[in-house]
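> Test case, fold it:
(chains A and B)
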Amino acid sequence: MFDDFFVRALIAGIGIAIIAGPIGCFVVWRRLAYYGDTLAHSGLLGVTLGFILGINMSLSVFIISTTIAFLLLLLQKKTKLTGDALLGLLAHSSLAIGLVIIAIASSIRIDLMGLLFGDILSVSNNDIILIWGGGVAILIVLFVIWKSLFAATVNYDLAKAEGMNPDRSNYIFTILIAGVIAISIKMIGVLLITGLLLIPPAMSRNFSLSPKEMVVFSIIGGVISVIFGLFGSLEFNTPSGPSIIVVSLMLFFLSLFFRRGHNSIRLK
Amino acid sequence: MQSNKKNNKPLVKMENAGVFSDGRWLVRGVSLEIYRNSIVTLIGPNGSGKTTTGKLILNILKADEGKVLHSTHRIGYVPQKINIDWTVPLRVSDFMGLTGRISQSKINEALSLTGVEHLYNNNLTNLSGGEFQRVSLARAIAKKPDLLILDEPVQGVDFNGEIKLYDLIKQISEEINCGILLISHDLNFVMSSTDHVICLNGHVCCSGSPQDVAKNASYIELFGEQAATTLSLYSHKHDHTHNPDRSISK
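Numbers count the residues shown, from 1 in each chain, chains lettered A, B, ... in the order given. The predicted structure follows:
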């Protein structure tokens, strides 16, 4: 029915959407949009280092993203620069270093457009195993830390006072974000991963009444975006990442007409 | 209510505790004990170390000096303010089980005790300040803690609301048999059921039991009988002065 690569892309994309939903909800709740962007930007550096050192690309992306996350923590202690300035510094410098290395190392041939915006042709059977295996691991860990991470999202002091160990779940969550980026970078692209993390939860917030509803609707929205995005990509010969994001944006606008429980929004 | 300190271990015992940060002591030399069935009120001006002391008791901060000993980990906390982002869809029902699984009957019991059962399905961002305070109190008591800590519970509540809230806190202390720590910035009025008042200003300035306001005729005239039974005038017994460099002279 379909070319083999397309079925692989569908299976991989649906897996990514299922993982991105719940992680993305926390990214939105905790205002980590720019943080996710920074980790994703560093992904390019991860890819190039992976090529040069001859190690698995997802592994090197994961290592670099985690390193950037902990570098940020270190910098926050060393300087009094605001968080967003530090994030910008790390995001753009890691992207720049990645691009410089690609230019210098003439021996490596990298499809830059594919890395920045995603490439469905590149999805192999191994990638599918990585996405689903890694995804299940990420979701299990998230499930385990859910209660304390959510309590800390609502109020850190409260979570800590009532014995939830919020520091540990915050660190673990950072690693989970790096993990999601590592497994979805090939498919969605460095520049667009945060979009897939943010837009489905933003859409689902419009008609969710509880945190769990928001997670479930985010997953559904993400899966629909992937399916329609990939079919569109095949039909109109557009890159996969942007096509998926465009569909999710359309779903977001559509969701504005189906708002629930917002009769008395207060402007604060 | 008398605290039965005999053959009763304190829930929290602070011995000469202090917190050092950014080159100075935020608070130092604080000793206090909180027992089951008793109410301790911590008062002091802004920057006096009330919140820091509260965080020591809550295990949020570690003492750099002295000791903070807990004989319980069942703590209920009502923070001064909880800013919940609109992006988090949170109903009262979800909020009740925030830090631990809790049975439906206990949730209903706690919400009806604080008089906000009807808000069960409401979104938290749509509550008024007073409603939110009662929901937050219900959340903290639902799991029947041994120690309940309330940070500025009457802040932003009008005088009548303040009396009602204090009545409610007293009722809670009787019904769930816990020790209560109230943190307040009001230097003159404390809840009359308070067993012990501690006045902080970087250290323990003075402490003791609140005076019986019922005797104070002008107070009753000013605020009425109802107020007199709930609020007490606390007279400070300061025997020292604070110098601008944070040193103390007698």
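
> Show me what stretch A:156-164 is in contact with.
For stretch A:156-164, the surrounding residues in contact (C-beta atoms under 8 Å, 6 or more residues apart in numbering or on different chains) are A:147-148, A:151-152, A:166-167, B:55, B:58-60, B:73, B:75-77, B:79, B:82, B:98-100, B:149. For the C-beta atoms, the positions are set from N, CA and C on the backbone; glycine is no exception.

> Just the buried residues of those residues.
A:147-148, A:151-152, A:166, B:55, B:58-60, B:75-77, B:79, B:82, B:98-99, B:149 (16 or more other C-beta atoms under 10 Å in any protein chain shown).

> Of these, which belong to strands?
B:I75, B:G76, B:Y77, B:I149 (DSSP state E).

> Just give the nearest non-adjacent residue to the third one, would you?
Closest residue in space to B:Y77, ignoring its immediate chain neighbours: A:A161 at 4.1 Å, by C-beta to C-beta, 6 or more residues apart in numbering or on different chains.

> what about the one you found, how many neighbours?
24 (other C-beta atoms under 10 Å in any protein chain shown).

> check contacts around residue 153.
Just going to use chain A. Here A:T153 is in contact with A:F26, A:W29, A:R30, B:V88 (C-beta under 8 Å, 6+ apart).

> I was thinking of chain B, sorry if that wasn't clear
With C-beta under 8 Å, 6+ apart, B:P153 has these contacts: B:V78, B:Q133, B:L137, B:L165, B:I169, B:L182.

> Go again with 10 Å.
Going by C-beta atoms under 10 Å, 6 or more residues apart in numbering or on different chains, B:P153 touches B:78, B:80, B:133-134, B:136-137, B:162, B:165-166, B:168-169, B:182-184, B:191.

> and it, that's in a strand?
No. Counting by DSSP: H, G, I helix; E, B strand; the rest coil, B:P153 is located in no strand; its state is coil.

> Compute the distance between it and B:Y166, please.
Counting by C-beta to C-beta, to the nearest Å, the separation of B:P153 from B:Y166 is 8 Å.

> which neighbours do those two share?
Common neighbours of B:P153 and B:Y166 (C-beta under 10 Å, 6+ apart) are B:L182, B:M191.

> tell me, what residue is most central in chain B?
The centre of chain B sits closest to B:L182, judged by C-alpha atoms, centre = their mean, with a distance of 1.9 Å.

> where does it land in three-state SS?
Secondary structure, three-state DSSP: B:L182 is strand.

> Now for it: which residues touch it?
Per C-beta under 10 Å, 6+ apart, neighbours of B:L182: B:39-43, B:78, B:148-154, B:166, B:169, B:190-191, B:194, B:197.

> what about residue 171, how many neighbours?
Using chain A here. For A:Y171, using other C-beta under 10 Å, the count is 14.

> right idea, wrong chain: chain B
Counted with other C-beta under 10 Å, B:Q171 comes out at 13.

> for B:E109, phi and psi?
phi -60, psi -50 (degrees, to the nearest 10).

> Tell me the spacing between the residue nearest to it when sequence neighbours are not counted and A:L90.
Sequence neighbours aside, B:A142 is the residue nearest to B:E109 in space, at 7.5 Å (criterion: C-beta to C-beta, 6+ apart). Here the criterion is C-beta to C-beta. By it, B:A142 lies 42 Å from A:L90.

> which helices and strands does the strand or helix carrying B:L111 pack with?
Per DSSP states H and E, B:L111 falls inside helix B:104-113. Secondary-structure packing of helix B:104-113 (3 or more C-beta pairs under 10 Å, 6 or more residues apart in numbering or on different chains; DSSP states H and E): helix B:92-96, helix B:129-142, helix B:159-176.

> Deepest-packed of those, please.
helix B:129-142 (a mean of 22; mean count of other C-beta atoms under 10 Å in any protein chain shown).

> For that helix, what is the distance to the chain centroid?
13 Å (C-alpha atoms, centre = their mean, to the nearest Å).

> same check, this time on stretch A:170-184
Taking C-alpha atoms, centre = their mean, the mean C-alpha location of stretch A:170-184 is offset from the chain mean by 8 Å.

> Give me the mean pLDDT for that stretch.
Here stretch A:170-184 scores 92 as its mean pLDDT.

> how about it: buried residues?
Buried-residue list, stretch A:170-184, by 16+ other C-beta under 10 Å: A:N170, A:F173, A:T174, A:L176, A:I177, A:A178, A:G179, A:V180, A:I181, A:A182, A:I183, A:S184.

> before we move on, what about stretch A:204-213?
A:S204, A:R205, A:N206, A:F207, A:S208, A:L209, A:S210, A:P211.

> Tell me the bridge partners for the residue nearest to the centre of chain B.
B:T41, B:L150 (DSSP bridges).

> Let me know the distance separating it from chain A.
B:L182 sits at a distance of 15 Å from chain A (criterion: C-beta to the nearest C-beta, to the nearest Å).

> per-residue pLDDT, that residue?
Taking B:L182 on its own, its pLDDT is 91.

> what does stretch A:253-262 rub up against?
Here stretch A:253-262 has contacts from A:200, A:202-210, A:213, A:217, A:221, A:265, B:86, B:89, B:91, B:121-123, B:125-126, using C-beta under 10 Å, 6+ apart.

> quick one: which of those sit in helices?
A:P200, A:A202, A:M203, A:S204, A:R205, A:E213, A:F217, A:G221 (DSSP state H).

> The contacts of A:T153 into JSON lines, with extra columns for neighbour count and secondary structure?
Listed next are these as JSON lines, based on neighbours: other C-beta atoms under 10 Å in any protein chain shown; DSSP: H, G, I helix; E, B strand; the rest coil:
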{"residue": "A:F26", "neighbour count": "22", "secondary structure": "helix"}
{"residue": "A:W29", "neighbour count": "22", "secondary structure": "helix"}
{"residue": "A:R30", "neighbour count": "17", "secondary structure": "coil"}
{"residue": "B:V88", "neighbour count": "23", "secondary structure": "coil"}
